[in-house]
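Q: need a structure here:
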Amino acid sequence: MRPAEAERIARDLYGLAVTISALPGERDCNFRLRTADAPGADAPGAATREFVLKIHDVAVDAESTDCLVSVLDHLAEQDPALPVPRLFPTQQGDAVGRFSSEGVDYSTCLVSFLPGRLLAALRPSTLLLQNLGATLARVDRALQGFFHPSLMRRLAWYVRHLPELAQFSGCIQSPALRAAGEAALVPFFTAGDPDLATAVWGTTAGIPPNSTRARQTGDNIGIQYGLNALLAGAITPEEFVTLNEKIGGFDADWNRRPARTTADLPALDIAYRAGIVSSGKNLGKLPIIDSRGYDEQGIHYIWRSFAERARIDAANDGNHGNQVMWRYGTGLLPGTAAQVAAVTLKSFLTMDTWLSNLNVSAPKETLNSVRTQAEVIQAKPATALPPSR
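A: Next comes the predicted model:
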């Protein structure tokens with residue numbers, strides 16, 4: 001989109017005479033507008049002399065403009081004093097403008113321009129970071145209960161989805177740059193769950209030369225596969241021995257290998273010292289809201305909730321009153337605004353009440369003091385579903 005075209009749109013749709021400079025954007029065209037003359041009292045810019053004009057190709061990204069308008073309307077309603085862009089309507093009073101150019105349909109919205117400097121270009125002070133954190137907390141609070149379908153779209157540039165970009169490496173003309181890009185993606189193909197928590201587990205040498213990986217706790221050394229079947233007479237001693245000789249394991253990148261899986265001993269020390277072990281005894285001392293939809297397509301199987309409950313029962317004389325299960329529709333995450341309000345928001349508020357009750361009824365002497373399952377169950381709020389659900 002050429003600046004001259006954007007200048008015409010500002011004039012025709014919003015009644016603004018402006019000078020224009022282009023701004024960067026991923027899916028939309030963005031322009032910074034400065035009014036050439038002081039606007040009249042009834043013009044959109046009566047109190048604001050600078051704007052951002054956002055233009056979307058409707059065929060490419062039909063929902064983004066509607067999502068942006070919905071978010072800004074929601075924030076303005078929940079916290080009018082928040083320092084976020086504000087919407088300005090077209091001359092016809094519409095939040096979203098429409099126009100066509102060379103056979104392509106576009107949508108537009110006009111928002112206030114927020115002056116400032118990029119945080120990346122600064123050496124932020126403690127006060128600046130505190131103010132930033134406080135402002136983001138206000139935004140987060142104001143967005144509670146907000147939902148829009150376009151928020152569920154899959155973003156290829158999200159760091160966990162980077163392997164999806166490998167198919168486009170052939171578009172890089174320079175062989176050196178292409179090889180560097182492909183090499184940079186390797187860790188994202190091989191990364192496992194521990195690599196998402198290197199701050200917890202620490203790192204060690206990886207499999208590719210000069211690479212690092214997170215320490216891991218996976219281990220099957222000493223496990224006697226098929227022991228119950230052997231004792232029951234379902235398999236012979238020779239079959240039992242053969243099974244355990246050939247069972248194998250996984251390497252650090254979760255590729256199968258003949259040798260068994262071996263944990264990194266420092267990671268095991270961390271797991272036991274920090275209580276990162278899913279024992280029923282420890283799980284029984286925690287308030288748990290197990291909230292999930294029906295998703296049997298990957299690792300989020302429903303039976304895992306009941307396996308956790310069985311561990312708690314086994315270690316606490318059949319009592320799992322500290323664990324409640326919430327369920328909704330299909331899909332792992334809430335997919336509608338009603339589900340977000342009824343499940344996501346309510347679960348956070350319920351857990352907040354539960355923990356607040358515990359701080360009153362069973363205060364900790366130290367950060368690492370341990371509560372009993374009975375204390376956790378006693379503090380459970382009425383808004384939590386009964387444990388039989």
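Q: the protein - how does it break down into domains?
A: Listed domain ranges for the chain are 3-151, 156-190, 278-378 (source: automatic domain parsing).
Q: now the end-to-end length of the last one.
A: If I follow you right, that is domain 278-378. In domain 278-378, first residue to last residue: 22 Å (C-alpha to C-alpha, to the nearest Å).
Q: figure out how far that domain is from the centre of its chain.
A: Chain-centre distance of domain 278-378: 19 Å, with C-alpha atoms, centre = their mean, to the nearest Å.
Q: any idea which element the closest residue to P381 other than its chain neighbours lies in?
A: Using C-beta to C-beta, 6 or more residues apart in numbering and skipping the chain neighbours, the partner closest in space to P381 is T353 (4.5 Å). (Each C-beta comes from the backbone N, C-alpha and C, glycine too.) T353 belongs to helix 346-361 when assigned by DSSP states H and E.
Q: got the contact list for that helix?
A: With contact meaning C-beta atoms under 8 Å, 6 or more residues apart in numbering, helix 346-361 is reached by 287, 289, 291, 326, 371, 375-376, 378-381, 383-384.
Q: 6 Å - rerun?
A: If you take C-beta atoms under 6 Å, 6 or more residues apart in numbering as the criterion, helix 346-361 is touched by P287, I289, S291, A379, K380, P381, T383, A384.
Q: for the chain, which spans come out with low pLDDT?
A: Within the chain, the ranges that satisfy pLDDT under 70 run 36-48, 152, 154, 156-161, 163, 186-192, 297-298, 330, 386-389.
Q: quick one, phi psi at K281?
A: phi -60, psi -50 (degrees, to the nearest 10).
Q: for F250, which of the domains of the chain is the nearest?
A: domain 156-190 (11.7 Å; C-beta to C-beta).
Q: and the domains of the chain: which comes nearest E238?
A: Judging the domains of the chain by C-beta to C-beta, what sits closest to E238 is domain 278-378, at 32.1 Å.
Q: ok, back up a step: same list (the contacts of helix 346-361) but as JSON lines, adding distance to T90, secondary structure and neighbour count.
A: JSON lines is the format used below for those (distance: C-beta to C-beta, whole Å; DSSP: H, G, I helix; E, B strand; the rest coil; neighbours: other C-beta atoms under 10 Å):
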{"residue": "P287", "distance to T90": "50", "secondary structure": "coil", "neighbour count": "21"}
{"residue": "I289", "distance to T90": "45", "secondary structure": "strand", "neighbour count": "18"}
{"residue": "S291", "distance to T90": "42", "secondary structure": "strand", "neighbour count": "20"}
{"residue": "A379", "distance to T90": "53", "secondary structure": "coil", "neighbour count": "20"}
{"residue": "K380", "distance to T90": "52", "secondary structure": "coil", "neighbour count": "21"}
{"residue": "P381", "distance to T90": "48", "secondary structure": "coil", "neighbour count": "15"}
{"residue": "T383", "distance to T90": "44", "secondary structure": "coil", "neighbour count": "12"}
{"residue": "A384", "distance to T90": "48", "secondary structure": "coil", "neighbour count": "22"}
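Q: for those residues, which two are the farthest from each other?
A: Largest separation among the contacts of helix 346-361 by C-beta to C-beta: S291 and A379, giving 18.7 Å.
Q: of the domains of the chain, which is nearest V200?
A: Nearest to V200 among the domains of the chain is domain 278-378; the distance by C-beta to C-beta comes to 15.0 Å.
Q: assess the claim that V324 and L385 are in contact.
A: Yes: at 4.9 Å, V324 counts as touching L385 under the criterion of C-beta atoms under 6 Å.
Q: neighbour-wise, which of the two wins?
A: Higher neighbour count among V324 and L385: V324, with 21 against 13, using other C-beta atoms under 10 Å.
Q: which helix or strand contains that one?
A: Going by DSSP H and E, V324 is part of strand 323-330.
Q: quick one, that strand and helix 346-361 angle?
A: 170 degrees (axes from the mean of the first three to the mean of the last three C-alpha atoms, to 10 degrees).
Q: buried by neighbour count: which residues of strand 323-330 qualify?
A: Q323, V324, M325, W326, Y328 (16 or more other C-beta atoms under 10 Å).
Q: ok, the fourth one - contacts?
A: Counting by C-beta under 6 Å, 6+ apart, W326 makes contact with S291.
Q: could you report the separation of it from L110?
A: To L110, W326 is 41 Å away according to C-beta to C-beta, to the nearest Å.
Q: how about the contacts made by L345?
A: Neighbours of L345 in contact, by C-beta under 6 Å, 6+ apart: Q144, G145.
Q: hey, where'd the helices end up in the chain?
A: Secondary structure of the chain (DSSP state H): helices at 3-14, 64-78, 126-142, 175-190, 198-201, 227-231, 237-246, 265-274, 280-283, 303-315, 337-339, 346-361, 373-378.
Q: V69 contacts T90, doesn't it?
A: No: using C-beta under 6 Å, V69 is not in contact with T90; the gap is 11.9 Å.
Q: excluding sequence neighbours, find me the nearest residue to D219.
A: D219 sits nearest to A263 (C-beta to C-beta, 6+ apart), 3.8 Å away.
Q: wait, the one you found sits on N220?
A: No: taking contacts as C-beta under 6 Å, A263 lies outside contact range of N220: 9.4 Å.
Q: returning to that earlier point: pick the one among the buried residues of strand 323-330 closest to F31.
A: For the buried residues of strand 323-330, the nearest to F31 is Y328 (42.0 Å; C-beta to C-beta).
Q: bridged to that closest one, which residues?
A: G293 (DSSP bridges).
Q: which ones are touching it?
A: Contacts of Y328 (C-beta under 6 Å, 6+ apart): G293, Q339, V343.
Q: also R213?
A: G206, A252.
Q: let's see that with 8 Å instead.
A: By C-beta under 8 Å, 6+ apart, the residues touching R213 are T190, A191, P194, D195, T203, T204, A205, G206, I207, A252, D253.
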